[in-house]
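Q: need coordinates for the following:
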Amino acid sequence: MSTQIPKQTEKADETAAETESEAPSKGDERRAEKRRRADEQRRQREAEEAERAAADENTVELRVFRYDPDVEGKQEPRFDTFHVPFTKGMTVLDALMYSRDTYDSSLTFRHSCRQAVCGSDAMFVNGGQKLACKTQIDELEEPIRVEPLPHAEVTKDLVVDLEHFYDQMEAVEPYFQTNEYPDGELEEQRQTRENREKIKMSTRCIWCSACMSSCNIAAGDNEYLGPAAINKAYRFAMDEREGEDVKQKRLEIIEQEHGVWRCQTQFSCTEVCPKDIPLTEHIQELKREAVKNNLKFW
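A: Numbers count the residues shown, from 1 in each chain. From the prediction side, this is the model:
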């Protein structure tokens, strides 16, 4: 007598066998987990590299001169490097302020109005005298090298002693002097249009000392008045509202040995002036005035 296995039972056994053969082994599971971890690490590395690339693309490298005579260990001049996130319209002053506020609060430099009016933030940027608040980061090559003005004693970091510069400016008596006053108490001291146009550019000086720092003659002759002071003398000597005796006094000041005749017309002062004042032209015109002043026809 033979026994027959029900067809339903046979199918169940076949399905169980197939399921058992398809189930991954522990080795397969380990290998799959290993591949998953490797893929996850690769994606993480790619994300980090992309983030670094984006960060590098949107930051600027600043190399800033550092010196502090009062702190041991900082008395030797050096350069510190700062990486600053770039934003459109950023100036060198913006980058310096970010570096000071974010990385090193001891970083010292002068600034005030941030509108190229006060003249306090003149510096030596990438080999040239510039106003930090006026100089755009995207117009400079990296790394951006920021130093104090040359030919001046460094007080700390980017700050220089400007006492000598101010002394030279005061030497030409940089203020209006006249012998004639309007008749009416509230009447203006009138000036012709033509005369105003003649001296207009000379009035733009902001006493930043960039021109003085660029001048090779001033670097070698400490008594030379310098382009800024001579320009200030020009501004008042050419003003028609001043008296002839005052003009004569000004010409005597600027035609001295260390006055206009020391200028060698190198145009370095004109090139670096942030206000585009034609300093060299003004000096040459004062030379001509000094010659005419000394001509005698009898």
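
Q: mind checking the end-to-end distance for stretch 173-186?
A: Terminal residues of stretch 173-186 lie 26 Å apart, using C-alpha to C-alpha, to the nearest Å.

Q: buried stuff in that stretch?
A: In terms of neighbour count (16 or more other C-beta atoms under 10 Å), stretch 173-186 has its buried residues at residue 174. The way it works is simple: take the backbone N, C-alpha and C, and place the C-beta from them, glycine included.

Q: got any ranges where this structure has weak pLDDT?
A: Across the chain, residues meeting the criterion (pLDDT under 70) sit at 1-24, 48-57, 296-298.

Q: grab the most central residue of it for me.
A: residue 132 (2.4 Å; C-alpha atoms, centre = their mean).

Q: which residues does that one contact?
A: By C-beta atoms under 8 Å, 6 or more residues apart in numbering, the residues touching residue 132 are 91-93, 96, 109, 111, 121-123, 125, 146.

Q: what ranges does the protein have for its helices?
A: For the chain, the helices defined by DSSP state H occupy 7-22, 26-57, 92-102, 163-171, 193-199, 210-214, 216-220, 227-237, 244-254, 268-272, 279-294.

Q: neighbours of residue 236, how many?
A: 22 (other C-beta atoms under 10 Å).

Q: ok so, going back, dump the helices of the chain to TSV, plus distance to residue 115.
A: Formatted as TSV, those follow (distance: least, C-beta to C-beta, whole Å):
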stretch	distance to residue 115
helix 7-22	77
helix 26-57	30
helix 92-102	11
helix 163-171	21
helix 193-199	23
helix 210-214	16
helix 216-220	27
helix 227-237	20
helix 244-254	31
helix 268-272	19
helix 279-294	22
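
Q: nearest to residue 181, of the ones you listed?
A: Checking the helices of the chain against residue 181 by C-beta to C-beta gives helix 244-254 as the closest, at 13.6 Å.

Q: so how far is the closest one from its chain's centroid?
A: Between the centre of helix 244-254 and the centre of its chain there are 37 Å (C-alpha atoms, centre = their mean, to the nearest Å).

Q: now that helix and helix 227-237, what's the angle there?
A: 160 degrees (axes from the mean of the first three to the mean of the last three C-alpha atoms, to 10 degrees).

Q: 32 is where my numbering starts, stick with that
A: Done: numbering now begins at 32, and the last item shifts to helix 275-285.

Q: gap between the nearest residue to residue 138 once chain neighbours are set aside and residue 69?
A: Distances taken as C-beta to C-beta, 6 or more residues apart in numbering place residue 131 nearest to residue 138, at 4.2 Å, with adjacent residues excluded. The span separating residue 131 from residue 69 equals 44 Å under the rule C-beta to C-beta, to the nearest Å.

Q: what about those two, which has more around it?
A: residue 131 (17 against 10).

Q: distance of that one from residue 196?
A: Counting by C-beta to C-beta, the gap from residue 131 to residue 196 is 25 Å.
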